[in-house]
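A.B. asks: Show me how the following folds:
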Amino acid sequence: MTSRLHTGADATGMPHVRGRRWIANARFETLLIALLLLTIAAIFFQDQLLERTVRFSPTTSLDYPRRPLADHDIGGNSTVSEPRPFLWDCQLREGYAFPYCGYELAFDRKAGSHGLDLTNLRSIELAMIYRGSASSFRVHLKNFDPRYSRNPTDDSPKYMRVEFSTDPGKLQHVTFKTADFGVADWWLRKWNVPPQWSHPDFHNITSMNFETGSEAKPGRHVFEVRELVIRRMLISETHWLQGILGVWVVLIGAYLAYRFFTMRREVEQRRALHAVALRQAEQAADAARHDSLTRILNRRGVLERYDELRRGEPKPLAVIMIDIDRFKLLNDTYGHNYGDEVLSSVAALIRRNVRSGDIVGRWGGEEFLVICPGADGEVAMRIAESIRSRIEHFHFGDCEHVTASFGVHWCQASGPDLAGLVALADLALYTAKEQGRNRALQFGPSMAKAA
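C.D. replies: So this is what the prediction gives:
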């Protein structure tokens, strides 16, 4: 009896196999719980783990090079003095076309070309008191890059600008983020910057400028910075979450591999293949709605978005047709590759100068279409003029400047067929071309009669 019992227990090995599986499952579940707790901690405490803060005060700023700025340095009459650190007293005087004064704080203690990497900037917090009559105040971040900069102490580093309103006599707390900054137009024009370097860049910020605003009037302007706080991340939140996701992907992959060799091999394979097919289908569907060159919606994508818009509550709507002037001549002169670069740059300029809810797409060739929900004719013309001006003053490299013509039409509700709205906007565009190009015109009945 004893012999048979012993043989039965060992003949199949089931008790031992089940025991090993139980131990393996227990270990895996323990690891899973530990990783889950670590993931929660990594997400919940990511600010404490990743954020690095640099604080400047009147005391700590003594360790960094500083210099007053005024138009006196370039032939103007304005002057500036620094009674004490982080306090500067400006006297704006007439005599220069755009009088200004301010203050520069270098982030490299040796005033060299090695600055702060603010690529993953979270915020810049400024506490200051202004005394004077100016309604606004400017801040510049200067990014040094040998590809387009010569000296970190001159005006060749890229100037990224933000301007905000002042509250004279009161302590102001102002917060900036990277999205608030734009490259200064005067800097782009002065240094003839090509399109690929015309965007904001924060990888090597060598200094920060504080200046009077665009419409500052002659007189005394006193600025006192109480504290400057720069908060940045070691890596971006996106990369941090991607890293966490990567760990989970590896863990899930290991678990699926274990399950693959123990049970339901074919089922797991089919699920994996099905998931891949779904992702590819989603990617293909998304690619079918976007223009591969400019990365904006293509005609199909615009039509689908407009159909979604029509299903909503009726409201005023405007369409703006945009056509690059003499684009064929540009292609013939500089080549199709350059023409593609111009199309991409124009698309980017349009995206940056429309409202968040507007629909932007490439209608075909060198034509673009902007749909502005809730906009009347006046609003649509302002948008069109803003885009037109940006294109006209943008430096496109070899051909330097490019212009575009605009046709605008609006209606009381989004019910009409898009083709009809585009046809009327196209008539206005045709008229703009006939009147000399580089202009925006709104559709009127006389245009239809002329056509």
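A.B. asks: Quickly run through the sheet partners of the lengthiest strand in the chain, with directions.
C.D. replies: In the chain, assigned by DSSP state E, the strand with the most residues is strand 219-233. Partners of strand 219-233 in the sheet, by DSSP bridges, are strand 51-56 (antiparallel), strand 87-92 (antiparallel), strand 121-131 (antiparallel).
A.B. asks: Tell me which of the ones you listed sits most buried.
C.D. replies: With neighbours defined as mean count of other CB atoms under 10 Å, the strands paired with strand 219-233 peak in mean count at strand 87-92, which reaches a mean of 22. Placement of C-beta: from N, CA and C, glycine included.
A.B. asks: In contact with the closest residue in space to residue 438 that isn't next to it in sequence: list those residues for me.
C.D. replies: In space, and not counting its chain neighbours, residue 438 is closest to residue 403: 3.8 Å by CB to CB, 6 or more residues apart in numbering. Contacts of residue 403 were listed using CB atoms under 8 Å, 6 or more residues apart in numbering, and they are 324, 325, 388, 391, 392, 437, 438.
A.B. asks: about what we covered before: any chance of the strands paired with strand 219-233 in TSV, with mean pLDDT too?
C.D. replies: Supplementary listing: the strands paired with strand 219-233 in TSV, determined by pLDDT from 0 to 100:
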stretch	mean pLDDT
strand 51-56	88
strand 87-92	90
strand 121-131	92
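A.B. asks: Throw these into TSV and include distance to residue 44, thanks.
C.D. replies: Output for the strands paired with strand 219-233, formatted as TSV (distance: least, CB to CB, whole Å):
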stretch	distance to residue 44
strand 51-56	14
strand 87-92	41
strand 121-131	17
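A.B. asks: can you give me the strands for the stretch 351-451 of the chain?
C.D. replies: Listed in chain order, the strands of the stretch 351-451 of the chain (DSSP state E, counting those that start in this stretch) span 359-364, 367-373, 404-411, 440-442.
A.B. asks: From the chain's centroid, how far away is the longest one?
C.D. replies: It refers to strand 404-411. Taking CA atoms, centre = their mean, to the nearest Å, one finds the center of strand 404-411 at 26 Å from the center of the full chain.
A.B. asks: Output the contacting helices and strands for that strand.
C.D. replies: When contacts are defined as 3 or more CB pairs under 8 Å, 6 or more residues apart in numbering; DSSP states H and E, strand 404-411 sits against strand 317-324, helix 377-393, helix 418-434, strand 440-442.
A.B. asks: how about 6 Å then?
C.D. replies: The contact analysis (3 or more CB pairs under 6 Å, 6 or more residues apart in numbering; DSSP states H and E) places strand 404-411 against strand 317-324, helix 377-393, helix 418-434.
A.B. asks: quick one on the thing from earlier: per-residue confidence averaged over the longest strand of the chain?
C.D. replies: Averaged over strand 219-233, pLDDT sits at 91.
A.B. asks: and if you look at stretch 406-415?
C.D. replies: The predicted model assigns stretch 406-415 a mean pLDDT of 85.
A.B. asks: ok, residues contacting it?
C.D. replies: 309-310, 314, 316-322, 376-377, 380-381, 384, 388, 421, 424-426, 428-429, 440, 442-443 (CB atoms under 6 Å, 6 or more residues apart in numbering).
A.B. asks: Buried subset of the residues you listed as a ChimeraX selection?
C.D. replies: Command for ChimeraX, covering only those of those found buried under the criterion 16 or more other CB atoms under 10 Å:
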select :309,316,317,318,319,320,321,322,380,381,384,388,421,424,425,426,428,429,440,442,443
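A.B. asks: From the opening residue of stretch 350-369 to its closing one, how far?
C.D. replies: Terminal residues of stretch 350-369 are spaced 10 Å apart (CA to CA, to the nearest Å).
A.B. asks: quick one: that stretch to chain centroid distance?
C.D. replies: When C-alpha coordinates are averaged (CA atoms, centre = their mean), stretch 350-369 and its chain have centres 16 Å apart.
A.B. asks: just for this structure, where's the confidence low?
C.D. replies: Scanning the chain for pLDDT under 70 picks out the ranges 1-22, 24-25, 111-112, 264-267, 269, 414-415, 449-451.
A.B. asks: So residue 53 is in contact with residue 230, correct?
C.D. replies: No. Counting by CB atoms under 6 Å, residue 53 sits too far from residue 230 to count as a contact (7.1 Å).
A.B. asks: ok, and for stretch 145-156, which residues are buried?
C.D. replies: Using 16+ other CB under 10 Å as the test for burial, stretch 145-156 gives 148, 149, 152, 153, 155, 156.
A.B. asks: I should have written stretch 334-347 there, sorry.
C.D. replies: 334, 338, 339, 341, 342, 343, 344, 345, 346, 347.
A.B. asks: Same question for stretch 228-246.
C.D. replies: Going by neighbour count (16+ other CB under 10 Å), the buried part of stretch 228-246 is 228, 230, 231, 232, 233, 240, 244.
A.B. asks: Which residues are in contact with residue 104?
C.D. replies: Neighbours of residue 104 in contact, by CB under 6 Å, 6+ apart: 67, 69, 207, 209.
A.B. asks: Look up which residues are beta-bridged to the first one.
C.D. replies: Meaning residue 67. Counting by DSSP bridges, the residues bridging with residue 67 are residue 104.
A.B. asks: ok, it - how many residues close by?
C.D. replies: Using other CB atoms under 10 Å, the number of residues around residue 67 comes to 16.
A.B. asks: try the second one
C.D. replies: Taking other CB under 10 Å as the neighbour definition, residue 69 ends up with a count of 20.
A.B. asks: Name the nearest residue to it, sequence neighbours excluded.
C.D. replies: In space, and not counting its chain neighbours, residue 69 is closest to residue 102: 4.4 Å by CB to CB, 6+ apart.
A.B. asks: Quick one: neighbours of the one you found, just the number.
C.D. replies: Residue 102, neighbours per other CB under 10 Å, totals 22.
A.B. asks: What helix or strand is it located in?
C.D. replies: strand 101-106 (DSSP states H and E).
A.B. asks: tell me the angle that strand makes with strand 219-233.
C.D. replies: Interaxial angle of strand 101-106 relative to strand 219-233 (axes from the mean of the first three to the mean of the last three CA atoms, to 10 degrees): 30 degrees.
A.B. asks: picking up where we left off before, out of the strands paired with strand 219-233, nearest to residue 33?
C.D. replies: Taking CB to CB as the criterion, strand 51-56 is the member of those that comes nearest to residue 33, at 27.7 Å.
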